[in-house]
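A.B. asks: Fold the following, please.
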Amino acid sequence: MKNVMLSLVLFFKIVITALSQEKAIITLNGIPQSATKSAIQKQFGAPINILTPNYECGFLSSDEQGEVFYSMEYDGFKWTGNEKQNYVLDELKMEKAAGLILVFQGQIIDQNTTSTTFLALADDLEISVDVGANAWSIDKEMEVISIIVWLVDDAYNFYFVNDRFNFLEYWSPC
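C.D. replies: Reported below is the predicted structural model:
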């Protein structure tokens, strides 16, 4: 009887652990989209700059969450968070991504990835697509496809310029 109880406890512990772990749909050089500061710095070294982003609202808003968040800036990408909430991959500029490996849904994506290829990879995820010019693009006539991959209440925006992956940003609702 004792062995049966021990087996049941072990089984439930394994199931609960598996269910509580969030599947990383995005990794950057093997680091999941949400990671500890130490894991990020072990992989990428010390950031170029650390600042407080002062987001107006959302998950990374110090005012809204009642705690301070920091952005660790690297050349072409940044992670934002804190020790308590972990850090999320907040931004990635593909023109600066030489030497980085971005994996989405188990597949490497880069500046040559088309929106069609990306949509096929995102097939089983909740997404929305927006086509048009975007405020951040230098050339306002440039067509931008924004593919939003929803997580829980937040999302990742993948921007495609001239049908090539160009920019990734984390988004959180107000």
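
A.B. asks: ok, residue 44 - contacts?
C.D. replies: 29, 31, 74 (CB atoms under 8 Å, 6 or more residues apart in numbering). For the C-beta atoms, the positions are set from N, CA and C on the backbone; glycine is no exception.

A.B. asks: Next, the buried residues of stretch 39-52.
C.D. replies: Neighbour counts using 16 or more other CB atoms under 10 Å place 40, 44, 47 of stretch 39-52 among the buried residues.

A.B. asks: Give me the subset of those lying in helices.
C.D. replies: Using DSSP state H, the members of these that fall in helices are 40, 44.

A.B. asks: Okay, now the unreliable bits of this protein?
C.D. replies: Residue ranges of the chain with pLDDT under 70: 1-23, 133-144.

A.B. asks: where exactly do the helices run in it?
C.D. replies: Taking DSSP H as the test, the helices found in the chain are 2-20, 37-44, 62-65, 115-121.

A.B. asks: circling back: nearest to residue 112 among the buried residues of stretch 39-52?
C.D. replies: Within the buried residues of stretch 39-52, the smallest distance to residue 112 is 23.0 Å, found for residue 44 (CB to CB).

A.B. asks: my read: residue 121 touches residue 109, true?
C.D. replies: Yes - the pair residue 121 / residue 109 is scored as a contact, 7.4 Å apart, by CB atoms under 8 Å.

A.B. asks: Please identify which of the two sits among more neighbours.
C.D. replies: residue 109 (20 against 16; other CB atoms under 10 Å).

A.B. asks: Looking at strand pairing, list the partners for the more buried one.
C.D. replies: residue 102 (DSSP bridges).

A.B. asks: ok, it - contacts?
C.D. replies: Neighbours of residue 109 in contact, by CB under 8 Å, 6+ apart: 102-103, 117-118, 121, 165.
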